[in-house]
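> I'd like to go over a predicted model; first the sequence, then the structure.
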Amino acid sequence: MLVFIDESGHPHPNDSAKRPVVTAVCISDKDSRTVSGRVHALKRDYLGDERTELKGRNLINRSTFRRKPEINQFLEEFYSTVLNLPITIFAMIMEAPFNQPVSDSNFLPNRFRYLVQRIELLAEQRQEMATIMFDGQPNLFGGVGWQFNGFLYRSDEGRACTHITDTPSFVDSKTSTGIQIADLTASVIRIYQEAELYRAAPSAGDHFLFTIRRWYRIIEQKTLVGLVNHEGHHRPGVFLMAPGEV
């Protein structure tokens, strides 16, 4: 199983995001070519170039929604396609306030640790080994590559993750369909959370937020709500972390 991890917003005092989101998109090896092929075809048919990089901050915002109907059409087809793709999505939602992060190569940040908990349970269910892929370089997020290895080998919880390969991969989002799917889903979840659409419907006439809510409902259908670990603790697929917990 291939697992692609990306974020929208970052838990840092200088970042404008009030509820950053990190998502994991899980794809079985046997389905990888099918997923990539479907997304490449959408890019070719609606954007004119299958090499186009899908970045949420560029595509999913009020300005693009208002001024570029061709992008909206692509996104509508993209999320309709996501609904029928053989993927599973997990998401961790963080909530301000955030403190200046402390770099510690022995500590895997909770947002990634919680994702790993869910990835391990899914891989165990499927009887597969999961390889985790991050966008960027090993020193990203304060050295997540070393933090990941430290978690697997130095903690009891990490050593119990027997369905996750021991070496994370770092890929270029420009060429990784999985990372681009993770990016777009993270953007929708972040906007949904920051607009508090879980409390009430958007204001009448706010077509952008009505669309975000509809796309979020699709993402909800691609996650899992019934994951329970061996100690009986529930691991919801979309999880709101405590304020300041990153």
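Everything's here; your move.
> Please make it C-alpha for all contacts and neighbour counts, starting now.
OK.
> Could you pull out the helices in the chain for me?
Using DSSP state H, the helices of the chain run over 32-42, 56-59, 62-67, 69-83, 110-126, 140-154, 156-159, 177-194, 207-221.
> which one of those helices has the most crowded surroundings?
Using mean count of other Cα atoms under 10 Å, the stretch among the helices of the chain with the greatest mean number of neighbours is helix 177-194 (a mean of 25).
> if we can go back for a sec, would you single out the least confident of the helices of the chain?
Among the helices of the chain, helix 140-154 carries the lowest mean pLDDT, a mean of 81.
> Skipping adjacent residues, who's closest to the most centrally placed residue in the chain in space?
Central residue of the chain (Cα atoms, centre = their mean): residue 23, 1.7 Å from the mean position. Among residues not flanking residue 23 along the chain, residue 91 sits closest, at 4.2 Å (Cα to Cα, 6 or more residues apart in numbering).
> so what's the one you found bridging to?
Under DSSP bridges, the beta-bridge partners of residue 91 are residue 23, residue 238.
> check contacts around it.
By Cα atoms under 8 Å, 6 or more residues apart in numbering, the contact set of residue 91 is 21-24, 115, 186, 237-239.
> Ends of stretch 193-212, what's the gap?
For stretch 193-212, the first-to-last residue distance is 10 Å (Cα to Cα, to the nearest Å).
> and that stretch, how far out from the chain's middle?
21 Å (Cα atoms, centre = their mean, to the nearest Å).
> repeat for stretch 212-228
Taking Cα atoms, centre = their mean, the mean C-alpha location of stretch 212-228 is offset from the chain mean by 12 Å.
> Contacts for that stretch, please.
By Cα under 8 Å, 6+ apart, the list of residues contacting stretch 212-228 from outside reads 79-80, 82-83, 87-90, 118, 121, 185, 188-189, 191-192, 197, 234-238.
> switch to 6 Å and redo it
88-90, 234-237 (Cα atoms under 6 Å, 6 or more residues apart in numbering).
> Quick one: buried ones out of these?
88-90, 235-237 (16 or more other Cα atoms under 10 Å).
> of all those residues, which comes closest to residue 65?
Among the buried ones among the contacts of stretch 212-228, residue 89 lies closest to residue 65 (Cα to Cα), at 24.4 Å.
> roughly how far apart are residue 35 and residue 222?
14 Å.
> Same question for residue 236.
According to Cα to Cα, residue 236 stands 12 Å off from residue 222.
> Then residue 68?
From residue 68 across to residue 222, the span is 27 Å (Cα to Cα).
> Can you pick out the residue with more neighbours from those two?
Comparing residue 68 with residue 222 by neighbour count (other Cα atoms under 10 Å), the higher total belongs to residue 222, at 19 against 11.
> For that one, give me phi and psi.
When read as degrees, to the nearest 10, the backbone of residue 222 gives phi -100, psi 0.
> re the thing from before, in CSV: the contacts of residue 91, plus distance to residue 178.
Putting these into CSV (distance: Cα to Cα, whole Å) gives the following:
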residue, distance to residue 178
21, 16
22, 14
23, 11
24, 9
115, 16
186, 12
237, 18
238, 18
239, 21
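> and which of the residues you listed is nearest residue 145?
residue 115 (14.8 Å).
> Now do stretch 55-64: everything it contacts.
By Cα under 6 Å, 6+ apart, the list of residues contacting stretch 55-64 from outside reads 183-184, 187.
> what about 10 Å?
Identification of contacts with stretch 55-64 by Cα atoms under 10 Å, 6 or more residues apart in numbering yields 7-9, 54, 65, 68, 70-72, 74-75, 173-174, 179-188, 191, 207-209, 212.
> The closest residue to residue 36 other than its chain neighbours and residue 195, how far apart?
Distances taken as Cα to Cα, 6+ apart place residue 177 nearest to residue 36, at 5.7 Å, with adjacent residues excluded. Using Cα to Cα, residue 177 is found at 27 Å from residue 195.
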